[in-house]
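>>> Got a predicted structure plus its sequence, pasted below:
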Amino acid sequence: MDASLLDDPWIAAQVDAAVAPYVGRLPAHEIAWMREQLVEVLLHDEEASRLLRRAHPREVDESGERAFGVLGAAGRAKAG
């Protein structure tokens with residue numbers, strides 16, 4: 001399995017969400033296998049790779065800060 005794809009927190013969260021309904025219902029090795037299969041498809045299937053690129057957020061605000069009110073409007077005016 002290519003672990004580098006799962007190094008991306010957003011992708012890892014999507015894979016985790018996909019297998020979540022089976023956690024506790026299947027043995028851990030089966031869940032691990034499902035994760036591996038999902039990663040393989042995302043890496044090697046052209047359509048799946050394209051969909052992943054399109055769905056992946058382009059920019060994530062990691063600061064935890066947001067501008068509101070006049071500051072937020074000023075920032076939007078400068079960007080536009």
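Structure's in. What do you need?

>>> all helices in this structure, in order from the N-terminus.
Counting by DSSP state H, the chain has helices at residues 3-6, 9-19, 28-44, 46-55, 69-79.

>>> Same list as before, these that is, but in CSV and with mean neighbour count included.
C-betas here are computed from N, CA, C, even on glycine. Putting those into CSV (neighbours: other CB atoms under 10 Å) gives the following:
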stretch, mean neighbour count
helix 3-6, 13
helix 9-19, 14
helix 28-44, 14
helix 46-55, 11
helix 69-79, 9
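
>>> Mean pLDDT lowest where, among the ones you listed?
Between the helices of the chain, the lowest average pLDDT goes to helix 69-79, which shows a mean of 58.

>>> and the gap between residue 21 and residue 49?
Separation of residue 21 from residue 49 (CB to CB, to the nearest Å): 24 Å.

>>> same question, residue 31
From residue 31 across to residue 49, the span is 23 Å (CB to CB).

>>> Over to residue 27?
29 Å.

>>> just residue 5 next, same as before
Counting by CB to CB - residue 5 and residue 49 are separated by 10 Å.

>>> who's in contact with the nearest residue to residue 22 once chain neighbours are set aside?
Distances taken as CB to CB, 6 or more residues apart in numbering put residue 31 closest to residue 22, at 6.1 Å, once the chain neighbours are dropped. Remark: with contacts taken as CB atoms under 8 Å, 6 or more residues apart in numbering, residue 31 is in contact with 19, 22-23.

>>> Format those residues as a markdown table; extra columns: distance to residue 41.
Formatted as a markdown table, those follow (distance: CB to CB, whole Å):
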| residue | distance to residue 41 |
| --- | --- |
| 19 | 13 |
| 22 | 16 |
| 23 | 19 |
